[in-house]
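J.: this one's sequence-less:
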């Protein structure tokens, strides 16, 4: 079954360059979050290593999971994924379109700061503890898409313009962004 979750992103337009670059962290490891599923609420944690054997070969970058729009980027040509200790990082080169410029500008301004993702967990790839109402994802089989979104399920995710990362690497600002995403998530 295909599932959706939400995370963080950044944007950059290098000086003198025509390209629009986004960097993000759409999947985070070992960070509990409350999932509001039609079947009920539960805590979810994606464990370290869940992406080790995941198929990342053909994923799209979308805005808010909107499949009716042209993708902003696609692996492997215009988007790359990097697995690391924190989770899954993403770097995407956006096309020169009105929609891509709009998304890029909103990320640069801080209007959009979260990411989400659609994925599949194989049989036996998760476990549920009824005592703590917690689902642990141990293995992700496929990542279908990552999305820039205003309301991430995982408030620890991020997206930013690359220039913003280089110019502003202030731990207080990073902590503030995480807190804002947590507050926004509670109000949804």
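T.: All right, it came through fine. Computed from a predicted model, the values in this text were never measured in an experiment. Numbering: from 1, shown residues only.

J.: The residue nearest the centre of the chain: helix or strand, and which one exactly?
T.: Centroid check for the chain by C-alpha atoms, centre = their mean gives residue 26 as the closest residue, at 2.0 Å. Residue 26 belongs to strand 20-28 when assigned by DSSP states H and E.

J.: Show me what that strand is packed against.
T.: Judged by 3 or more C-beta pairs under 8 Å, 6 or more residues apart in numbering; DSSP states H and E, strand 20-28 is in contact with strand 2-12, strand 87-94, helix 98-109, strand 114-120, strand 142-149, strand 158-161, helix 162-167. Placement of C-beta: from N, CA and C, glycine included.

J.: re the thing from before, ok, now how distant is the residue nearest to the centre of the chain from residue 112?
T.: Distance, residue 26 to residue 112, using C-beta to C-beta, to the nearest Å: 13 Å.

J.: hang on, the earlier thing: check which element follows the strand holding residue 26 along the chain.
T.: For strand 20-28, the following helix or strand on the C-terminal side (DSSP H and E) is strand 33-37.

J.: Just checking: what are the partner strands of that next one?
T.: Using DSSP bridges, strand 33-37 pairs in its sheet with strand 40-46 (antiparallel).

J.: Could you check whichever helix or strand comes after the strand it pairs with and say which residues are buried?
T.: Downstream of strand 40-46, the first helix or strand assigned by DSSP H and E is strand 60-63. Buried residues in strand 60-63, defined by neighbour count with 16 or more other C-beta atoms under 10 Å: 60-63.

J.: Name the helix or strand of the protein that has the lowest mean pLDDT.
T.: Lowest on mean pLDDT, DSSP states H and E among the helices and strands of the chain sits helix 162-167, with a mean of 44.

J.: Quick one: mean pLDDT over stretch 22-34.
T.: Per-residue pLDDT over stretch 22-34 has a mean of 92.
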